[in-house]
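> Quick one, structure for this:
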Amino acid sequence: MKVLCLTLMLAGEVVHAQTTEIRLNTIGFLPDEPKQATIAAACTNFTVVRQGDGKVVFSNSVTGPHLNQDTDEQLYTADLSALHELGAFQLDVPGVGRSAPFRIGRDIYNEPFYTVMRGMYLWRCGMAVSSTNHGIVYAHEACHTNDAWLDLVDGGHTKTNSTKGWHDAGDYNKYVVNAGVTVGVMLRAWEDFGPVIRTIALHLPDARASTPEYLTEIKWELEWLLTTQAPDGSVYHKVSTRKFGGFIVPEAEDTPRYFAPWGSAATAQFVAMMAMAARDFRPFEPAFADQCLQAAWKSYRFLQPHPEDHRPDQSQFSTGTYQVRDTDGRLWAAAELWEATGNVDCLRDFETRCRAVKGVFDVRWDYGNVKNLGELTYLFSDRSGRDKALVALLRMNLLTAADSLLQARDAHSYARPAGTVYSWGGNGIVARQVVLLQAAHRISPKLEYVTASLDALGHLLGRNYYGRSFVTGTGYKPPLHPHDRRSGAQNLPEPWPGYLVGGSNPGATNWQDVQANFRVNEIAINWNSALIYALAGFINGPHEQ
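Got it, this is the predicted structure:
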């Protein structure tokens, strides 16, 4: 990547060209937290200038160079942590150029949180949606109001209601397993950061005074999930067209959509989601909480005489499979149902399963390995009856996992907590690692856990090999061509906003802002939910959980 360093004269004013060789969190920094930028060009010093009057407010020397292994770059680090002044700034590096503008303020993550949450609303299936970002109106009419046919689940050529829910990703289908980690992480955010989340008005069309808007958004997904439960308690794996549809607006997709057969992973994760929802909605909508809890029990009881890892037959589909083991889902289900009810059998079920996996926390986790969610629920529970030795093991393993993220962050010149490992949805994994870092900070407060959480956000918002934000409509040079059927169909000046793209895969330098490259540029609800959690921890600045 070449350095861009131009100085122009416009109407007598010196205008410094911005360069992506200066790579930092393009949203900005919290006033009293560490502030660093990575520079991909030889340099010795830098200044920070205030936007508007161009006044130099800070200067310092850089450190480096340091070889960054995964990008094979010699990189320098600019540390501006001592700058606490509020406002809008740019970092100026002699011989290199100026950075993208950034802010220092206590509320820098409020607007991104709002935008990403509005992205969830814009993903709604079964209703007309509309939102404005950067002066552009994003809207579609009610879609997929005929969901869904039972032909492929031995229901004959009949149909039952399965409307609502979120479109899963760049396509318009709906998958229970991917809903699992999505709803689980979002409800985890509510349980960890609910009071500050409530300070952000989401302007939802179905907002009710009795229910926080954040929960109202999640309820749209939960109400769809309730339609996937079969009469016997098993849960259908997905609602989907047989093949992926084209790049058309959702209301134009009238291809028949079908339930896929039940799966034990989907059923187990359904139990966990419904049990969490029963707890979290109880203070606001007790009748809905009861409905969720009854559904959770029904599916949990179905699973008991069906201990096999039952994989659904998806041979009639070529859409997303989300075919995963049910081991983690069953562990998570037992934990959440115990936390919701205090049932001793559920407690013993969880503890047996947790001991079998040695209470390990996965540092790279997604829809296929959700046991972290169950382990966190158990670890932070106020209920009596927990095994003290298992609590101690989980506590130790959580800190070990969090410390390994610190080590990876410290060894990486872009401060990436995921280190040098890249994969499908790697950006979502980076954001989801914040769940572990924040949890570790709760049980053993350490500033580094907080700074690593901020570094994860920084990486996603511009401190990366590309010097760009990975979130549509947010930050500097965000993706313009995500793998998203709405964006591709409507050809608006900017794509639909508030979506984290998957990111570089299989290496650090493989990302392309190309619509067709779904391997790196697709969007998905599970990645967005992880970003929502990461942002929620810093609404109005850092705070106690």
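> just the helices in the chain please.
In the chain, helices defined by DSSP state H lie at 110-122, 176-197, 213-226, 264-281, 286-303, 327-341, 344-356, 371-379, 388-410, 426-443, 447-460, 485-490, 518-521, 525-536, listed in chain order.
> Of those, which is nearest Gly245?
Of all the helices of the chain, helix 485-490 sits nearest to Gly245, with 7.1 Å by C-beta to C-beta. C-betas here are computed from N, CA, C, even on glycine.
> What about Thr19, how many residues nearby?
Using other C-beta atoms under 10 Å, Thr19 has 23 other residues around it.
> Could you tell me how far the closest residue in space to it that isn't next to it in sequence is located from Gly467?
Among residues not flanking Thr19 along the chain, Gly97 sits closest, at 3.6 Å (C-beta to C-beta, 6 or more residues apart in numbering). Taking C-beta to C-beta, to the nearest Å as the measure, Gly97 falls 11 Å from Gly467.
> Need the overlap of contacts for the two.
Thr19, Glu21, Ile22 (C-beta atoms under 8 Å, 6 or more residues apart in numbering).
> Let me have those in JSON lines, extended by pLDDT.
Formatted as JSON lines, these follow (pLDDT from 0 to 100):
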{"residue": "Thr19", "pLDDT": "93"}
{"residue": "Glu21", "pLDDT": "98"}
{"residue": "Ile22", "pLDDT": "98"}
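> Could you single out the nearest of those residues to Thr216?
Of the shared contacts of Gly97 and Gly467, the one sitting nearest to Thr216 (C-beta to C-beta) turns out to be Ile22, at 40.4 Å.
> buried ones in stretch 393-410?
Under the neighbour-count criterion of 16 or more other C-beta atoms under 10 Å, stretch 393-410 has 393-394, 397-399, 401-406, 408-409 buried.
> Also stretch 109-128?
For stretch 109-128, by 16+ other C-beta under 10 Å, it's 109-110, 112-127.
> Quick check: mean pLDDT of that stretch?
Across stretch 109-128, pLDDT averages out at 98.
> With stretch 414-428 instead?
Mean pLDDT, computed over stretch 414-428, is 97.
> first vs last residue of it, how far apart are they?
With C-alpha to C-alpha, to the nearest Å as the measure, stretch 414-428 spans 17 Å from end to end.
> Buried residues, it. List them.
Those buried within stretch 414-428 under the rule 16+ other C-beta under 10 Å are 414-419, 422-428.
> And stretch 186-200, by the same measure?
So, applying 16+ other C-beta under 10 Å, buried residues of stretch 186-200: Met186, Leu187, Arg188, Ala189, Trp190, Asp192, Phe193, Gly194, Val196, Ile197, Ile200.
> and it, what's its mean pLDDT?
98.
> Point out where this structure drops to low pLDDT.
Residue ranges of the chain with pLDDT under 70: 1-16, 543-545.
> And it, what are its domain boundaries?
Listed domain ranges for the chain are 7-104, 110-536 (source: automatic domain parsing).
> Can you lay out those domains as a markdown table showing distance to Pro542?
Formatted as a markdown table, the domains of the chain follow (distance: least, C-beta to C-beta, whole Å):
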| stretch | distance to Pro542 |
| --- | --- |
| domain 7-104 | 6 |
| domain 110-536 | 6 |
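> Comparing those domains, which stretch has the densest surroundings?
domain 110-536 (a mean of 21; mean count of other C-beta atoms under 10 Å).
> could the buried residues of stretch 414-428 be laid out in CSV, adding distance to Lys298?
As requested, the buried residues of stretch 414-428 are exported to CSV (distance: C-beta to C-beta, whole Å):
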residue, distance to Lys298
Tyr414, 47
Ala415, 46
Arg416, 43
Pro417, 39
Ala418, 38
Gly419, 42
Tyr422, 40
Ser423, 36
Trp424, 33
Gly425, 31
Gly426, 37
Asn427, 36
Gly428, 31
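> Show me which pair in the residues you listed is furthest apart.
Longest span within the buried residues of stretch 414-428, C-beta to C-beta: Ala415 and Trp424, 22.3 Å.
> ok so, going back, looking at the shared contacts of Gly97 and Gly467, which is nearest Ala508?
Glu21 (16.1 Å).
> was I right about the closest one contacting Tyr466?
No - the criterion here is C-beta atoms under 8 Å, and Glu21 misses it with Tyr466 at 10.8 Å.
> residue contacts, the spatially closest residue to Phe538 that is not a sequence neighbour?
Spatially, and ignoring its direct neighbours in sequence, Phe538 is nearest to Tyr109 (4.5 Å; C-beta to C-beta, 6+ apart). Contacts here follow C-beta under 8 Å, 6+ apart; on that basis Tyr109 touches Ile27, Leu457, Leu535, Phe538, Ile539.
> How about Gly385?
Gly342, Val344, Leu347.
> before we move on, what about Met276?
Val183, Gly184, Leu187, Glu336, Ala340, Thr377.
> Would you mind measuring from the fourth one to Thr352?
Noted for Glu336: a distance of 16 Å to Thr352, by C-beta to C-beta.
> Thr26 now?
47 Å.
> Residues touching stretch 512-521, excluding its own?
By C-beta under 8 Å, 6+ apart, stretch 512-521 touches 170, 247, 424, 479-484, 487-488, 501-505, 510-511.
> distance between the ends of it?
7 Å.
> what's the offset of that stretch from the middle of its chain?
18 Å (C-alpha atoms, centre = their mean, to the nearest Å).
> For the closest residue to Gly245 other than its chain neighbours, which residues are in contact?
Nearest in space to Gly245, with sequence neighbours left out and distances taken as C-beta to C-beta, 6+ apart, is Glu253 at 4.8 Å. Glu253 is in contact with Cys143, His144, Tyr172, Thr241, Gly245, counting by C-beta under 8 Å, 6+ apart.
> Please produce a markdown table containing the buried residues of stretch 393-410, extended by distance to Asp387.
Converted to a markdown table, the buried residues of stretch 393-410 look like this (distance: C-beta to C-beta, whole Å):
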| residue | distance to Asp387 |
| --- | --- |
| Leu393 | 9 |
| Leu394 | 10 |
| Asn397 | 14 |
| Leu398 | 16 |
| Leu399 | 18 |
| Ala401 | 20 |
| Ala402 | 22 |
| Asp403 | 24 |
| Ser404 | 25 |
| Leu405 | 26 |
| Leu406 | 28 |
| Ala408 | 31 |
| Arg409 | 32 |
